[in-house]
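Asks: Can you look at this prediction? I've put the sequence above it.
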Amino acid sequence: IDKNISIALNKLKKGIFHKENRMEEVFHEKFIKLRLKIHKIIEGQYDDELMYEILVHSILIDCRAIFLENTDYKYNSTLQNIYRNRSLNEYADGIDNYFNTIIKGNKSLKEIIRKFVNKRLAHVDYLEEKQENILEEDILTILDRNTINNIFVDILVIAIQYEEIRKYFGKN
């Protein structure tokens, strides 16, 4: 019984929204770094193609982690979970809708990013040459910096909205 009381007191000491606050702290730190990487790309602050590729791959991994996680994991630090914890479901749904937008053929932005990250960055799956070319074409579609409709600009717009919400409602 003493152990259970100690656990309960520890939880009370941390606060009722400890997990949600911690989620937002982790998310915010990751999101700041993501935005810095995007600015390096947009402003051409990379020395060569290798550095560009490293930055892009890191951005895609971040997108996968903080926007495209399985919705069953309520305590993962995704923007949608942050919004839902704040009872801002319409904002969370807006992020989901953005990533569910059909980009090419019948593939959504979410599918393109997840497939590329899963098959080429988190793993190196065997792909036939034709499959490899399709995967590359798909990912280049969302990275096209010659158009305003690219993931770099869109994430910065999402970031502006998030920072406005933090300013209005508080940091967590």
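Replies: Good, I have the coordinates. Residues are numbered from 1 along each chain as shown.
Asks: Which helix in the chain has the most residues?
Replies: When secondary structure is assigned using DSSP state H, the longest helix within the chain turns out to be helix 18-42.
Asks: hmm, who's touching whatever helix or strand comes next after that helix?
Replies: Going down the chain from helix 18-42, the next helix or strand is helix 49-67, by DSSP states H and E. Outside of helix 49-67, the residues within contact range by Cβ atoms under 8 Å, 6 or more residues apart in numbering are 27, 30-31, 33-34, 37-38, 40-41, 46, 77-80, 95, 99, 113-114, 116-118, 121-122, 139, 143, 151-152, 155. Every C-beta, even on glycine, is put in place using the N, C-alpha and C of the backbone.
Asks: likewise stretch 86-105?
Replies: If you take Cβ under 8 Å, 6+ apart as the criterion, stretch 86-105 is touched by 67-68, 79-81, 83-84, 108-110, 112-113, 137-138, 141-142, 154, 158, 161, 165, 169.
Asks: So which of the residues you listed are in helices?
Replies: Among the contacts of stretch 86-105, the members falling in helices (DSSP H) are 67, 79-81, 83-84, 109-110, 112-113, 137-138, 141-142, 154, 158, 161, 165, 169.
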